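K.L.:
okay, sequence plus prediction incoming.
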Amino acid sequence: MDFLILSIVSIITLINPVGIIPNYINLIDNFSLKEQKEITLKACLVAFLVLIIFAVMGNFIFIFFNLTIYAFKVVGGVLFFRIGLNMLESKISRTKSTPMEEKEAMHKDDITYTPLGIPLIAGPGAITSVMILSENTSSITEKAIFIIAIFVCILSTYLILSVSKKLSKMIGMTGIRIVQRVMGIILMAIAVQFIFDGLYLAFDQWLIKFS
């Protein structure tokens, strides 16, 4: 249960569905209501598949590039801290999307895959998170729980984006920024924990190697 909660909190905070509402509305505003619903659903499905692929392939990526989980935890923690700091300052991280990508998207007929599915929903932070967290799953039950956690996060994102215009009018930009800052603080705390865990594992391995 603790792992399920940690996974959901980590992934949903990195996706930051409330924080990306302004960018999302800006991207889909020129489409009809029916098209907006279809684009949102497809983009969330794309993001879900991407996160599942990286969760499953994470171990192979570590082996192929000769990476250690503790090195990835430290780097991931630094990345998460930076994203969290941007959220605390009410900024959308440039790991999500750049102004150039958004400008280019305005002239595209299909924004489902990019920049909406990737990197706005499934950005580098969320991808890194699922790769790190997937290393903590050993049994089939744990892997199933982790997939459920990813599904819950993407479903929550879809539901929030589906009512984004109503939500934006209801809580306003001030409300969005407050939620974003709270999520930023949570993410920074998770980031520090990841860094500490990575350094602890690295130091432990160093002691074993030289003992």
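P.N.:
Arrived safely, thanks for sending.
K.L.:
please make it C-alpha for all contacts and neighbour counts, starting now.
P.N.:
OK.
K.L.:
which helix or strand in this protein has the lowest average pLDDT?
P.N.:
Lowest mean confidence among the helices and strands of the chain (mean pLDDT, DSSP states H and E): helix 99-105, at a mean of 61.
K.L.:
mind listing the helices for the chain?
P.N.:
2-15, 21-28, 33-64, 69-88, 99-105, 124-134, 140-162, 164-210 (DSSP state H).
K.L.:
okay, angle between the longest one and helix 140-162 too, please.
P.N.:
Pointing back at helix 164-210 there. Counting by axes from the mean of the first three to the mean of the last three C-alpha atoms, to 10 degrees, helix 164-210 lies at 150 degrees to helix 140-162.
K.L.:
how many neighbours does Leu201 have?
P.N.:
Neighbour count of Leu201, defined by other C-alpha atoms under 10 Å: 17.
K.L.:
same thing with the one 4 residues further on?
P.N.:
In terms of burial, Gln205 registers 13 neighbours under the definition other C-alpha under 10 Å.
K.L.:
so how far is Ser134 from it?
P.N.:
20 Å (C-alpha to C-alpha, to the nearest Å).
K.L.:
ok, now Asp197?
P.N.:
In terms of C-alpha to C-alpha, Asp197 sits 15 Å off from Ser134.
K.L.:
which one's more surrounded, those two?
P.N.:
Ser134 (22 against 18).
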